[in-house]
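Chemist: Generate a structure from the sequence data that follows.
(chains A, B, C and D)
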There are 4 protein chains.
Amino acid sequence: MKKIPVCILGATGMVGQKFVELLLDHPWFEIAALAASDRSAGKPYKEAIKGAMQLPDPIAEMKVVPCVPNIPCKLVFSGLDSSVAGEIEEQFAKAGYFVISNASNHRMDQSVPLLIPEVNSSHLKLLKPNSGAIITNPNCSVVGICMALKPILDRWGIEAVQAVTLQALSGAGYPGVAALDILDNVIPYIANEESKVESEPLKILGSFEDGKIVPYPMRLSAQCNRVAVADGHMACVSIKLKQKASQSEILAAWRDFSSVAQNLDLPSAPKRPVVYLDDERHPQPKLHRNLEGGMSVSAGRLRECPLFDWKFVVLSHNTIRGAAGCAILNAELMVKMGYI
Amino acid sequence: MKKIPVCILGATGMVGQKFVELLLDHPWFEIAALAASDRSAGKPYKEAIKGAMQLPDPIAEMKVVPCVPNIPCKLVFSGLDSSVAGEIEEQFAKAGYFVISNASNHRMDQSVPLLIPEVNSSHLKLLKPNSGAIITNPNCSVVGICMALKPILDRWGIEAVQAVTLQALSGAGYPGVAALDILDNVIPYIANEESKVESEPLKILGSFEDGKIVPYPMRLSAQCNRVAVADGHMACVSIKLKQKASQSEILAAWRDFSSVAQNLDLPSAPKRPVVYLDDERHPQPKLHRNLEGGMSVSAGRLRECPLFDWKFVVLSHNTIRGAAGCAILNAELMVKMGYI
Amino acid sequence: MKKIPVCILGATGMVGQKFVELLLDHPWFEIAALAASDRSAGKPYKEAIKGAMQLPDPIAEMKVVPCVPNIPCKLVFSGLDSSVAGEIEEQFAKAGYFVISNASNHRMDQSVPLLIPEVNSSHLKLLKPNSGAIITNPNCSVVGICMALKPILDRWGIEAVQAVTLQALSGAGYPGVAALDILDNVIPYIANEESKVESEPLKILGSFEDGKIVPYPMRLSAQCNRVAVADGHMACVSIKLKQKASQSEILAAWRDFSSVAQNLDLPSAPKRPVVYLDDERHPQPKLHRNLEGGMSVSAGRLRECPLFDWKFVVLSHNTIRGAAGCAILNAELMVKMGYI
Amino acid sequence: MKKIPVCILGATGMVGQKFVELLLDHPWFEIAALAASDRSAGKPYKEAIKGAMQLPDPIAEMKVVPCVPNIPCKLVFSGLDSSVAGEIEEQFAKAGYFVISNASNHRMDQSVPLLIPEVNSSHLKLLKPNSGAIITNPNCSVVGICMALKPILDRWGIEAVQAVTLQALSGAGYPGVAALDILDNVIPYIANEESKVESEPLKILGSFEDGKIVPYPMRLSAQCNRVAVADGHMACVSIKLKQKASQSEILAAWRDFSSVAQNLDLPSAPKRPVVYLDDERHPQPKLHRNLEGGMSVSAGRLRECPLFDWKFVVLSHNTIRGAAGCAILNAELMVKMGYI
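Modeler: Predicted structure coming up:
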């Protein structure tokens, strides 16, 4: 198969670099262009990123281009910062590109899929034929939570979710959090994060009806904390079900959880979307964030909740499963389903 | 005033050392004896603790004695490990000592006060006249939560509490957590901790009626995590009230919160038991754990909860307010109220 | 005694804030003005520093002024960044101010004392009567090394010094080092640091002869590393002496080390400029950086060096002894010696 | 090729587990037995290590055997603690086994090779034909230093070496360093480490003459520090050469450095034993410890030393290149050279 040329928008940022890393040896996609702000445009990529990555020559020497929709490929990945992503992504979509975006700007747009292949592939029906489009992946702490909720919600329904997150430093980009602020410390606040965790899952877990997404009717409350961990967002979750389920039934639902992404054998799809770990000390960011190349979500400590029904811990790699890796899986799904 | 001689049981452990540190210059109490296991007994204190603290000569050279109830003082502080505290503390109580204990063994005993002076001084009525007794302080993450809940509960009542904690390393004693386990990591499990956080507050916030404690009727759910912080336990809390309260009313309740400990001007009592911080990034362990010598609890981020009524963050110094400091304040209260 | 009004230049930066903190309750000096860049000028100080410190009202509300030499006081402390310090400090000195500076710009100027009161108070003779002047303190990792070397050099002479430093995060200012760069890591490079460590001690340890400083004739080699420590610069030092000295003689030299700063009982002078710690695991940043309010230097592990004569470890608090605290002690010395 | 059965002594310890990890898919060796203390003997391996590793079934379920020389294989790897390694390793050697050991006990024995394949393969001539033997690899911080010195020493000779190390937590085993001791801290002491760094290189870099090792005649001084890094020992090194060399000559010597291990294409041999990094901020433990599977040593910052001739920074993965990986490479060399 001839590889599909792709461009990365915002290629010099933290998520952009992760896109490059994950696409270097991708079986279907080939980096055709690296685009970034005017400050970087014109420089060889390795200079634009100040040597932060070890790269093979063709990519290292590739000249960065501006984020203008005249790039000779149909598929672009966007790791743009939300301060500029909104407009640039629209320009590309209008020009006929498929923009697979990690930015938050268009996630809640009615016409834009907020996509996790394992969870809501039906939302791709939002796309119009023969037209460019923006397809987004969720906030980095939302992906893991939604993947853990999906098989439960499908069988028993969920009324309410309480989530307290312990989020990694890489979620704040680079340079991000100052070392003096987080060494021997926790910061109980991440700007704009809690509102995303409380809203995005309703759309993601919603159904496609009559040409639009009907949000899943449940209540969500989130508290988000930054901790001294490099990669891997953890969440302590409590859920109230619509119908009762036993512990073993929920464990079975996670174990049996699979989706079109696994059925189609997409290159980035994890064999087990949710891996339950029996050890009561697990999951832990350092030990489990890289399960199946960082694309598996790990869960643990499922136990009864005195307030709701069940509580558990869920962990996902925030820059892979929660960002660039999810976006690439989204693109793979679209290719295999004939959208691209 | 002639100082009251006191003994510290378990003086060589982490909490025991904190007792020594806080009692070195205490205006009412004077260290008369340092007791520990047979392994340490007979050694000068500075050798028994391997020079971990800078100490003035009389204390540094004081010979450690065994934990046997023949020590010439009436008041003993216990920093004993729970593996041995149960029996030793009982022996001292039976022999007529007042045992002010940080150990968990007797906290839930019907006849034992589980005391926070700002919260439930009335529970001292459990004590019988002319008799030794065990008086306990709560688990290190429970103290801060109960102090934040008390003024709210007094005015509006509380139906349910959800608490997710981010707890410091010193809570696990010394050597405690291995550096390899927590560097760049979070451990979502602390043995036996969640059951304490779910049970102790009910007793602490309960009322003294007809000679016994009637637990406060509310539901509690806890998830406890260990993070790479030296000192300072944080909790993300959501509460459901019995009667509605506004944000400004709750802030006022915290601001106006005071108690017999403040009225009696006890030496270790903080002027403000709960300090609310306006900055949305606060409280933080590194910045606020030492407020008023580590005896104030700090709170922040009071905001509406989509599931319950309100959510907020609370922080307390786990080895001071949550352990040795609370125990000393308990003893001060008992002295001033005539129990000792 | 009526307090001497002082101004702090660069008051909003990391060193500037440390000046404010150390001067809040100073017995001789009183903050009369806080000066900073135009970006901050006009704002109340607490807003200019975004609430990073807890401050009493008069200081918190004090309006920041621009760094222009029209401030009604004779004595200014400069915590200015080296990118702007050069010119501003000269303007103030020409206008007749005494500028007590922590910036590196003028340290090596022939007419500028590079002052540590315990080491080279005679260098104040460089100052001309009835004239403003710049007086500098050394680089933050140089102070501790020079204080440890001084009593040795005075008795036996030193031919060569090898120093490898492990430096704290606060040495890089704020925000400084990104958490992602230093968590689980060491950075073996600090821009421009090694050249300072290799040159400043020669001037500091030099003698005042015929109206100028004659550098001390020795060779120095430095390697500087950044480690994940908040405060406290450590150095592993090897020295070659001109005349042989025994271990006990060197220990005695450190123990007996005193200076005009101690004799004059300056408010910020530590009782023991160099504290030797017997435990072979000491000194450690977390345990010893705050000895005597952070103004004592701690040393340890004196042992024979197979290459040179002796090797040892020295530690000092980089933002106190190595910056603002040293500058304040410099000013105190100048006041007591009649320069101000 | 039929795989060679091997046994791991001390298989449950930190180095033992690293042996298992590195041997799981080894092309020449096959784990035939896992031996450990009586406390673990009889348990399935996964239970003996308390699930610390993810393992394939045959290994996970393999019953741990005692460290007794009746195991049906000729080649054993020893990750035994030095408190027991001395005697057990001798027993195995006397019984005819080849003991490839990471323990320090026999390193300096006259008849025991202290082996780094890239540096001193000729030392294998110490072994007697048709006889068991102990073959050791160096201390974890010595390996990297010796590999960086070797090509320099071969061309210009070395008179003196000064090394200050910044060593990782995993060098202390598990649980090893307490988190409370190293968070926000540095410990300038590692028991028995400096003497090893000052003695082992002389033997390693020595020559085989008349049936024995003649130590290389140079002087060495070491200062060893523990830092908050999980893996990767760094050393700041200064060297004095016998004959002058230019910077470009030394860089060329490192670049061209190769050995019998590379010529024989041993499975664990890195293509580039020493990788020089041009960026002045490199090498860094987090970025470079895993170069070529952790078997390459990285160097950087080669610059003139005002005291000696040159100084530089060297980094190696302490549990791979500095322990289990080096031992396995030693065994591979012995197989290919016909010793086993």
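Chemist: Contacts only, for the closest residue to residue A:104 other than its chain neighbours.
Modeler: Among residues not flanking residue A:104 along the chain, residue A:82 sits closest, at 5.1 Å (Cβ to Cβ, 6 or more residues apart in numbering or on different chains). Every C-beta, even on glycine, is put in place using the N, C-alpha and C of the backbone. Contact partners of residue A:82, counting by Cβ atoms under 8 Å, 6 or more residues apart in numbering or on different chains, are A:103, A:104, A:105.
Chemist: Repeat that for residue A:129.
Modeler: Going by Cβ under 8 Å, 6+ apart, the list of residues near residue A:129 is empty.
Chemist: how close does it get to chain D?
Modeler: Note on residue A:129: its distance to chain D, by Cβ to the nearest Cβ, to the nearest Å, is 45 Å.
Chemist: How about the helix or strand where residue A:239 lies, which residues are buried there?
Modeler: Using DSSP states H and E, residue A:239 sits within strand A:233-241. In terms of neighbour count (16 or more other Cβ atoms under 10 Å in any protein chain shown), strand A:233-241 has its buried residues at A:233, A:234, A:235, A:236, A:237, A:238, A:239, A:240, A:241.
Chemist: Which single one of the residues you listed is nearest to chain C?
Modeler: Distance to chain C across these (Cβ to the nearest Cβ) is lowest for residue A:233, with 14.7 Å.
Chemist: Could you list which residues are in contact with that closest one?
Modeler: Residue A:233 touches A:140-141, A:144, A:165-168, A:171, A:285, A:315-316, A:318, A:322, counting by Cβ under 8 Å, 6+ apart.
Chemist: Redo those as a markdown table? Include secondary structure and distance to residue A:112.
Modeler: Converted to a markdown table, the contacts of residue A:233 look like this (DSSP: H, G, I helix; E, B strand; the rest coil; distance: Cβ to Cβ, whole Å):
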| residue | secondary structure | distance to residue A:112 |
| --- | --- | --- |
| A:140 | helix | 18 |
| A:141 | helix | 20 |
| A:144 | helix | 21 |
| A:165 | strand | 24 |
| A:166 | strand | 29 |
| A:167 | strand | 24 |
| A:168 | coil | 26 |
| A:171 | helix | 22 |
| A:285 | helix | 30 |
| A:315 | strand | 27 |
| A:316 | strand | 22 |
| A:318 | coil | 21 |
| A:322 | helix | 18 |
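Chemist: which of those are buried?
Modeler: A:140-141, A:144, A:165-168, A:171, A:285, A:315-316, A:318, A:322.
Chemist: Quick one, grab the pLDDT at residue A:120.
Modeler: Residue A:120 is assigned 98 on the pLDDT scale.
Chemist: can you check residue A:129 too?
Modeler: Predicted confidence (pLDDT) for residue A:129: 84.
Chemist: follow-up on the earlier one: and of the buried residues of strand A:233-241, the nearest to chain D?
Modeler: For those, the nearest to chain D is residue A:234 (18.0 Å; Cβ to the nearest Cβ).
Chemist: Test my guess that the closest one contacts residue A:285.
Modeler: Yes: if you go by Cβ atoms under 8 Å, residue A:234 and residue A:285 touch, sitting 6.2 Å apart.
Chemist: Chain D contacts on the stretch 51-200 of chain A?
Modeler: Within the stretch 51-200 of chain A, the positions lying close to chain D (Cβ under 8 Å from any Cβ of the partner chain) are A:51, A:183, A:184.
Chemist: correct me, but the first one touches residue D:281?
Modeler: No: with contacts defined as Cβ under 8 Å, residue A:51 does not count as touching residue D:281, sitting 9.3 Å away.
Chemist: where's the residue nearest to residue A:34 when sequence neighbours are not counted relative to residue A:76, distance?
Modeler: In space, residue A:34 comes closest to residue A:11 once its chain neighbours are excluded; the distance is 3.9 Å by Cβ to Cβ, 6+ apart. Residue A:11 is 10 Å from residue A:76, where distance means Cβ to Cβ, to the nearest Å.
Chemist: Tabulate the buried ones among the contacts of residue A:233 in TSV, adding columns for distance to chain C.
Modeler: Output for these, formatted as TSV (distance: Cβ to the nearest Cβ, whole Å):
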residue	distance to chain C
A:140	15
A:141	18
A:144	20
A:165	17
A:166	15
A:167	12
A:168	9
A:171	10
A:285	12
A:315	18
A:316	18
A:318	12
A:322	16
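Chemist: Export these as JSON lines, with columns for pLDDT.
Modeler: JSON lines is the format used below for these (pLDDT from 0 to 100):
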{"residue": "A:140", "pLDDT": "97"}
{"residue": "A:141", "pLDDT": "96"}
{"residue": "A:144", "pLDDT": "98"}
{"residue": "A:165", "pLDDT": "98"}
{"residue": "A:166", "pLDDT": "98"}
{"residue": "A:167", "pLDDT": "98"}
{"residue": "A:168", "pLDDT": "98"}
{"residue": "A:171", "pLDDT": "96"}
{"residue": "A:285", "pLDDT": "98"}
{"residue": "A:315", "pLDDT": "98"}
{"residue": "A:316", "pLDDT": "98"}
{"residue": "A:318", "pLDDT": "98"}
{"residue": "A:322", "pLDDT": "97"}
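Chemist: circling back: hey, what's in contact with both of residue A:234 and residue A:285?
Modeler: Counting by Cβ under 8 Å, 6+ apart, the residues touching both residue A:234 and residue A:285 are A:315, B:186.
Chemist: Can I get the buried residues of strand A:233-241 in JSON lines including pLDDT?
Modeler: JSON lines is the format used below for the buried residues of strand A:233-241 (pLDDT from 0 to 100):
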{"residue": "A:233", "pLDDT": "98"}
{"residue": "A:234", "pLDDT": "98"}
{"residue": "A:235", "pLDDT": "98"}
{"residue": "A:236", "pLDDT": "98"}
{"residue": "A:237", "pLDDT": "98"}
{"residue": "A:238", "pLDDT": "98"}
{"residue": "A:239", "pLDDT": "98"}
{"residue": "A:240", "pLDDT": "98"}
{"residue": "A:241", "pLDDT": "98"}
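Chemist: quick one: which of those is nearest residue D:311?
Modeler: Distance ranking of the buried residues of strand A:233-241 against residue D:311, using Cβ to Cβ, places residue A:233 first at 41.4 Å.
Chemist: Which positions in stretch A:212-223 come out as buried?
Modeler: Neighbour-count burial for stretch A:212-223 [16+ other Cβ under 10 Å]: A:213, A:216, A:218, A:220, A:221, A:222, A:223.
Chemist: could you list every residue that touches the residue lying closest to residue A:61 once chain neighbours are set aside?
Modeler: Distances taken as Cβ to Cβ, 6+ apart put residue A:44 closest to residue A:61, at 5.0 Å, once the chain neighbours are dropped. Neighbouring residues of residue A:44 by Cβ under 8 Å, 6+ apart: A:60, A:61, A:62, A:63, A:64.
Chemist: can you give me phi and psi for residue A:44?
Modeler: Note on residue A:44: backbone dihedrals following degrees, to the nearest 10 are phi -60, psi 140.
Chemist: hmm, back to that, which of the residues of the stretch 51-200 of chain A next to chain D count as buried?
Modeler: A:183, A:184.
Chemist: so which of the residues of the stretch 51-200 of chain A next to chain D are also by chain B?
Modeler: A:183, A:184.
Chemist: tell me which of the residues of the stretch 51-200 of chain A next to chain D is nearest to chain D?
Modeler: residue A:184 (4.8 Å).
Chemist: I'd like the distance between that closest one and residue B:284.
Modeler: Counting by Cβ to Cβ, the gap from residue A:184 to residue B:284 is 10 Å.
Chemist: what do you get for residue A:284?
Modeler: Counting by Cβ to Cβ - residue A:284 and residue B:284 are separated by 23 Å.
Chemist: One more: residue A:169?
Modeler: Here residue A:169 is placed at a distance of 15 Å from residue B:284 (Cβ to Cβ).
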